[in-house]
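> Quick one, what's the 3D model for this:
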Amino acid sequence: MSFEEMWAELLPIGRDETSGGYHRFAWTPPELECRAWFRDEARRRGLAVENDANGNMFAWWFPEDGKRHDAVLTGSHLDSVPGGGAFDGPLGIVSAFAAIDLLRARGVRPERPIGIAAFAEEEGARFGVACLGSRLLSGAIDPARARALTDGGGHTLAEVMHNAGLDPAAIGPDDDLLGRVACYVELHVEQGRALEQPVGVAGSIVPHGRWRFGFAGEGNHAGTTALGDRRDPMLPFARMVIAAREAAERNGTVATVGKVAVVPGGVNAIASSVTAWLDARGPADDAVRRTVKEIDEAARVAARPHRVCVEFAEESYTEIVDFNLALRDRVDRALDGVPVLPTGAGHDAGVLSARLPTAMLFVRNPTGVSHAPAEFAEPADCLAGVEALAAVLDDLARG
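Model prediction:
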């Protein structure tokens, strides 16, 4: 099946017909349908399918001698952010299958195994922790903490995994699986507009993290409660949002409040609580940490006169990732030299870089839009990405 045919099969799954955005959250019906598609494509090619305890899936092309170690791994993820674009994640997986088809058509016989990974909950849209599958696999998150994570409906990760036929007690680092992998190369749509050629290579991932703010006040009637009697958590929350923009400007970072939960959420009711999630990123760890500290301080100062309590917690953080220079240079040589650029987006490749050499390829995005329906890559650029990934896998699988 060609790249275009695979892409056409995936395109309608989880897509909102009105907005064009995608809702493929971990272990929900659309994402499970994408997982079934992955297994079908692997089996169509005679690839061995492996599932780890963390919900990650792998498809393996083993050499003729049956070698199982020193593997070259590629892939990405199938889940999406709320209302996300079609390319973020799936492009890397479809391209990986297409690259293997290309290598086989050219008579390539790899000396190393080549694997395709579909990592679970990369976006963190359901359970709040980005790259959860690769974090569990690599030991970057405590399994007990992960099991207790809850989604918007109050369901724990443990409960959801159990209902999907997985054993939540078994989640955690898999040193045996990682020990079989020599390197990981992830192809991804560019999430900006810096790339002027069809394909580029990532140099680094900037520091980034997520924090949760909880503002607890007192619910009451919107029409009968005097202003002086109110403990309205919306007021310090509003100040926190403004403080995020101001702190980001001072520190040369970016800070975003994109998710808010208000209780009870009535038009004619003063809120009893507000929970808000902050995303902050920047060129250096100290700048990001300083930004978040200033936002937290501003929220607490704003809460005092309104007698509102503030809770603050870090949900995830990833320090700056400089991709393995030797692997990056080898990838660059295999492609006869392509642009090298940093990225402000987190990826499984960044998490896995703590355990093994990783690299990333980017496919040009002419809109510069990501995590939204307008996310796009030209068909010709996608095919150039397949060619590039095939060249890299061919080179790396030769030993």
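
> Can you show me the helices along the stretch 1-150 of the chain?
3-10, 29-44, 90-105, 132-138, 143-148 (DSSP state H, counting those that start in this stretch).

> Give me the residues contacting whichever helix or strand comes after the shortest one.
Right, helix 143-148. Downstream of helix 143-148, the next assigned helix or strand under DSSP states H and E is helix 157-163. Defining contact as Cβ atoms under 8 Å, 6 or more residues apart in numbering, one finds that helix 157-163 is touched by 26-27, 55, 126-127, 132, 146-151, 167-168, 171. Quick note: C-beta positions are derived from backbone N, CA and C, even for glycine.

> Could you rank those residues by neighbour count and give me the top one?
Leu132 (31 neighbours; other Cβ atoms under 10 Å).

> can you pull the contacts of that residue?
Contacts of Leu132 by Cβ under 8 Å, 6+ apart are Ala26, Asn54, Ala120, Glu121, Glu122, Gly124, Ile141, Ala146, Leu149, Leu157.

> Sort out which one of those lies nearest Ala8 for me.
The nearest member of the contacts of Leu132 to Ala8, counting by Cβ to Cβ, is Glu122 at 22.8 Å.

> Identify the residues contacting the closest one.
Contacts of Glu122 by Cβ under 8 Å, 6+ apart are Ser76, His77, Asp79, Gly89, Ala130, Cys131, Leu132, Gly133, Ser134, His347, Asp348.

> and which of the residues you listed is nearest to Gly20?
Gly89 (16.4 Å).

> Count the residues that sit near that closest one.
For Gly89, the count of nearby residues is 29 (other Cβ under 10 Å).

> That one: what's it in contact with?
Contacts of Gly89 by Cβ under 8 Å, 6+ apart are Ser76, His77, Leu78, Asp79, Ser80, Glu122, Glu123, His188.

> Also Ala276?
Arg212, Phe213, Phe215, Phe237, Met240, Val241, Val257, Lys259, Val260, Ala261 are the contacts of Ala276 under Cβ under 8 Å, 6+ apart.

> Need the contacts of Glu122 in JSON lines (columns: pLDDT and distance to Ala298).
Shown next, in JSON lines, are these (pLDDT from 0 to 100; distance: Cβ to Cβ, whole Å):
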{"residue": "Ser76", "pLDDT": "98", "distance to Ala298": "37"}
{"residue": "His77", "pLDDT": "98", "distance to Ala298": "34"}
{"residue": "Asp79", "pLDDT": "98", "distance to Ala298": "33"}
{"residue": "Gly89", "pLDDT": "97", "distance to Ala298": "34"}
{"residue": "Ala130", "pLDDT": "94", "distance to Ala298": "25"}
{"residue": "Cys131", "pLDDT": "96", "distance to Ala298": "29"}
{"residue": "Leu132", "pLDDT": "98", "distance to Ala298": "30"}
{"residue": "Gly133", "pLDDT": "98", "distance to Ala298": "34"}
{"residue": "Ser134", "pLDDT": "98", "distance to Ala298": "33"}
{"residue": "His347", "pLDDT": "95", "distance to Ala298": "31"}
{"residue": "Asp348", "pLDDT": "97", "distance to Ala298": "33"}
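
> Pro366: which of those is nearest?
Gly89 (18.9 Å).

> Quick one: mean pLDDT over stretch 111-122.
Here stretch 111-122 scores 98 as its mean pLDDT.

> one step back: quick one: which of the contacts of Leu132 is nearest Pro198?
Nearest to Pro198 among those, with distances taken as Cβ to Cβ, is Glu122, at 23.8 Å.

> So the closest one versus Glu31, what's the distance?
11 Å (Cβ to Cβ, to the nearest Å).

> Identify the contacts common to these two.
In contact with both Glu122 and Glu31: Asp79, using Cβ under 8 Å, 6+ apart.

> At which residues are the strands of the stretch 151-300 of the chain located?
181-189, 199-205, 208-216, 220-221, 254-263, 269-270, 273-281 (DSSP state E, counting those that start in this stretch).

> Can you lay out the ones you listed as JSON lines showing mean pLDDT?
Converted to JSON lines, these look like this (pLDDT from 0 to 100):
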{"stretch": "strand 181-189", "mean pLDDT": "98"}
{"stretch": "strand 199-205", "mean pLDDT": "94"}
{"stretch": "strand 208-216", "mean pLDDT": "97"}
{"stretch": "strand 220-221", "mean pLDDT": "98"}
{"stretch": "strand 254-263", "mean pLDDT": "97"}
{"stretch": "strand 269-270", "mean pLDDT": "98"}
{"stretch": "strand 273-281", "mean pLDDT": "98"}
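
> Which of those sits closest to Met6?
Going by Cβ to Cβ, the one of these nearest Met6 is strand 181-189, 14.0 Å.

> coming back round to it: so of the helices of the stretch 1-150 of the chain, which one's packed in deepest?
helix 132-138 (a mean of 27; mean count of other Cβ atoms under 10 Å).

> in terms of contact, does Gly139 touch Gly172 like I think?
Yes. Counting by Cβ atoms under 8 Å, Gly139 touches Gly172, with 7.1 Å between them.

> re the thing from before, most tightly surrounded among the strands of the stretch 151-300 of the chain?
strand 181-189 (a mean of 25).

> Distance from the chain centre to stretch 4-18, please.
Relative to the centre of its chain, stretch 4-18 is centred 19 Å away, using Cα atoms, centre = their mean, to the nearest Å.
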